[in-house]
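Colleague: Give me a model of this one.
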Amino acid sequence: MKAVRLEAIGKLSFSEVEKPSPGPGELLVRVEACGICGTDRHLLHGEFPSRPPVTLGHEFTGIIEEIGPAVSGFREGMRITGDPNISCGQCDQCQRGRVNLCRNLQAIGISRDGGFAEYVIVPQKQAFALPGDLDPVHGAFCEPLACCLHGVDLAEIRTGSSVVVLGGGVIGLLVVQLARLAGATDVVLVTRSADKRRLAESLGATATADPTDGDIIKHITAPDGLLPGGADVVIECAGVAETVEQAPALVRHGGTVVILGVMPQGAKVSIEPFDLLFREIRLIGSFINPFTHRRAADLIASGAIKVEALISRRIGLGEAVEAISNPARPGEIRALVLPSLG
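Modeller: Model (predicted):
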C-alpha cells in the first residue's frame, strides 16, 4: 500500500509499504480521510517528539475492512474515527485518570503508523463508531474537536461568559462553536485574516478583531472596548509567541487563560508572573483529548459542530509530502488527504 512516511527529522517520503494485518484487539481500517495538522509540520522539523521512521497522520476516519481476534462491538464495513492517543492504563498518571499525561503514551501517526496511508491499524479501544451516512471528510475533524473539547472543559465556560479566541485556524474556529454551545454570550475571535473573521461570525462569533489594526488589547479591554475589563476566558489557539504573550493581558481579573495552540518544542515566551499573581489569573495548558473523543464524534455526527466550511482543499496521498513540507497556504484552514484520490 502507499503511505507518507517520516523517515527521519526533515525527511518525508511517499512510499510503498506492506499492508498491515490486525492483531488481537485490533481493527484494519481503510482510510477515507486524514487531516493535515500543524503538528505534522512540527514533527517533520523535529519540533514535537516522534519516533521515525513512522507513517504520519493522526486525524483520520475510515471503514473497518478486517477485524482481528478478540474484538467485540465492531463489524466489517463500519465507519469509525480513531483516537490516536494510546495510554498504558498502568502508570501513576493513568491511575489518577490523567491518561493524556501517561508516562508511556503512544500515538497513532506519531509513534505508531498513522492515517496518511491507504490502511491503518486501530486498537478497538481507540475506535469510535460514526454513522454510515456521515460524510467521511467530516469524521476527520473528530480528533481536533476532541482536543478543543478538553481545552473548553478546562476553561470552565459558563452561561453568560465572555470568551476571546486567539487564532482563526481550525482550532480557533472549532473553539468558537464550542464556546457558544457551552453558553458563552460574547465570543470574540482575533485573527489577521478577513475571510476567517467573516467565517467565524457565520459560525457564532459575536465579534471579531484584526490584531494588526491598532492596539488589540485596548480594542478589547478598554472601557469602550469589545469586552471592557477583559474576557472571563481567553483561549490561545494560534500556537505563536505573540498571542501567548497577549493572552493574559486580554483576560479580566480572576479570569482564565488556556493555552491550546502548539508552539515548537523549546520555544520561549515572556510573561510577567506578578501580573498573574496580582490579578489571580489561571494559566492552564491543555494537552490532547482525555475522554473527549466520543463526545467529539457525537457532536460531528449530530451536525452541532459545522465543519464543511473549514475544508480548504482535498488532496491525494501523492500530494501530501509537498503539502506537509510547506507552510499552509494563505487563508487555508484545513487540508484533507483522501487516499482514494491517489
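
Colleague: Next, the contact list for Glu76, please.
Modeller: Ile64, Glu65, Glu66, Ile67 (C-beta atoms under 8 Å, 6 or more residues apart in numbering). Where you see a C-beta, it was placed from the backbone N, CA and C, and this is true even at glycine.

Colleague: which pair in the residues you listed spans the largest distance?
Modeller: Glu65 and Ile67 (8.7 Å; C-beta to C-beta).

Colleague: Spell out which residues are contacts of both of the two.
Modeller: In contact with both Glu65 and Ile67: Leu28, Glu76, using C-beta under 8 Å, 6+ apart.

Colleague: higher neighbour count, these two?
Modeller: Ile67 (18 against 14; other C-beta atoms under 10 Å).

Colleague: how close does the more buried one sit to Glu18?
Modeller: Going from Ile67 to Glu18 by C-beta to C-beta, to the nearest Å gives 19 Å.

Colleague: beta partners for the spatially closest residue to Gly139 that is not a sequence neighbour?
Modeller: Distances taken as C-beta to C-beta, 6 or more residues apart in numbering put Thr61 closest to Gly139, at 3.0 Å, once the chain neighbours are dropped. Beta-bridge pairing for Thr61 (DSSP bridges): Ala33, Thr81.

Colleague: residue contacts, Thr61?
Modeller: Shown in contact with Thr61 (C-beta under 8 Å, 6+ apart): 31-34, 79-82, 130, 136-137, 139-140, 142.

Colleague: now, which of those sits nearest Arg198?
Modeller: Val137 (22.1 Å).

Colleague: ok, that closest one - how many residues close by?
Modeller: 19.

Colleague: and it, what does it touch?
Modeller: Glu32, Ala33, Thr61, Ile311, Arg314, Leu336, Leu338.

Colleague: Kindly reformat those as CSV containing distance to Gly109 and pLDDT.
Modeller: Listed next are the contacts of Val137 as CSV, based on distance: C-beta to C-beta, whole Å; pLDDT from 0 to 100:
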residue, distance to Gly109, pLDDT
Glu32, 15, 98
Ala33, 13, 98
Thr61, 13, 98
Ile311, 19, 98
Arg314, 19, 98
Leu336, 14, 98
Leu338, 16, 98
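
Colleague: Can you flag the buried ones in those residues?
Modeller: Glu32, Ala33, Thr61, Ile311, Leu336, Leu338 (16 or more other C-beta atoms under 10 Å).

Colleague: Can you tell me the SS state at the fifth one?
Modeller: Looking back up the chat, that one is Leu336. Following DSSP: H, G, I helix; E, B strand; the rest coil, Leu336 is assigned to strand.

Colleague: Please shift the residue numbers so they start at 47 in all later answers.
Modeller: From this message on, residue numbering opens at 47, which makes the last subject Leu382.

Colleague: Ile361 is in contact with that one, correct?
Modeller: Yes. With contact defined as C-beta atoms under 8 Å, Leu382 counts as touching Ile361 (7.3 Å).

Colleague: re earlier: and which of the buried ones among the contacts of Val183 is nearest Thr85?
Modeller: Taking C-beta to C-beta as the measure, Thr85 lies nearest Leu382 of the buried ones among the contacts of Val183, at 15.3 Å.

Colleague: who's that closest one bridged to?
Modeller: So, taking DSSP bridges as the rule, Leu382 has Gly81, Arg360 as bridge partners.
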